[in-house]
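S.K.: Just a sequence and a predicted model for now, questions to come.
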Amino acid sequence: MSHWIMGVIGGGAALLGLFMAAAAVDPGIFWFGLTLAVFGVLFAWWMIKTAFDEAEARRIFWETPIDPRHTAEGAKPASSGEKLRRAA
């Protein structure tokens with residue numbers, strides 16, 4: 001969840017940069033605002049990517065274990081019923 005919060009903060013920084021660039025009266029603030037906007041957007045995209053990568057890693061690791069009764073060429077994920085029977 002913290003990745004999503006940081007992504008929102010990155011998006012806020014991007015908006016702040018756009019407002020700074022729009023209201024700039026000198027080139028230094030204009031370019032700083034545009035740079036902040038680009039950084040904020042890239043940071044938000046990176047946070048979203050990281051959150052989805054971690055969710056996918058958890059899903060692959062926890063929800064689809066390989067059934068040890070199958071050989072390497074015939075390996076398949078165990079069904080949820082088999083997981084429950086093995087746990088009992």
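M.R.: Done, it's in.
S.K.: Just give me the longest helix of this structure.
M.R.: Longest helix in the chain, counting residues (DSSP state H): helix 27-63.
S.K.: Buried residues in it, which are they?
M.R.: For helix 27-63, the neighbour count (16 or more other C-beta atoms under 10 Å) marks Gly33, Leu34, Leu36, Ala37, Gly40, Val41, Phe43, Ala44, Met47, Ala51 as buried. In this view, the C-beta of every residue, glycine as well, is placed from N, C-alpha and C.
S.K.: which residues touch the residue nearest to Leu36 when sequence neighbours are not counted?
M.R.: Leaving aside its chain neighbours, Leu36 sits nearest to Gly17 (3.1 Å; criterion: C-beta to C-beta, 6 or more residues apart in numbering). Shown in contact with Gly17 (C-beta atoms under 8 Å, 6 or more residues apart in numbering): Phe32, Gly33, Leu34, Thr35, Leu36, Ala37, Val38, Phe39, Gly40.
S.K.: Kindly report the same for Ala22.
M.R.: Gly33.
S.K.: roughly how far apart are it and Val38?
M.R.: 15 Å (C-beta to C-beta, to the nearest Å).
S.K.: Checking my notes, the residue nearest to Leu36 in a helix, right?
M.R.: Yes. According to DSSP: H, G, I helix; E, B strand; the rest coil, Gly17 belongs to a helix.
S.K.: any idea how far Ala57 is from it?
M.R.: 32 Å.
S.K.: now Leu18
M.R.: Distance of Leu18 to Ala57, given as C-beta to C-beta: 34 Å.
S.K.: got the contact list for Met20?
M.R.: Taking C-beta under 8 Å, 6+ apart as the test, what Met20 contacts is Ile29, Phe30, Phe32, Gly33, Leu36.
S.K.: Adding distance to Ile5, write the residues you listed out as TSV.
M.R.: Below are the contacts of Met20 laid out as TSV (distance: C-beta to C-beta, whole Å):
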residue	distance to Ile5
Ile29	28
Phe30	29
Phe32	25
Gly33	23
Leu36	19
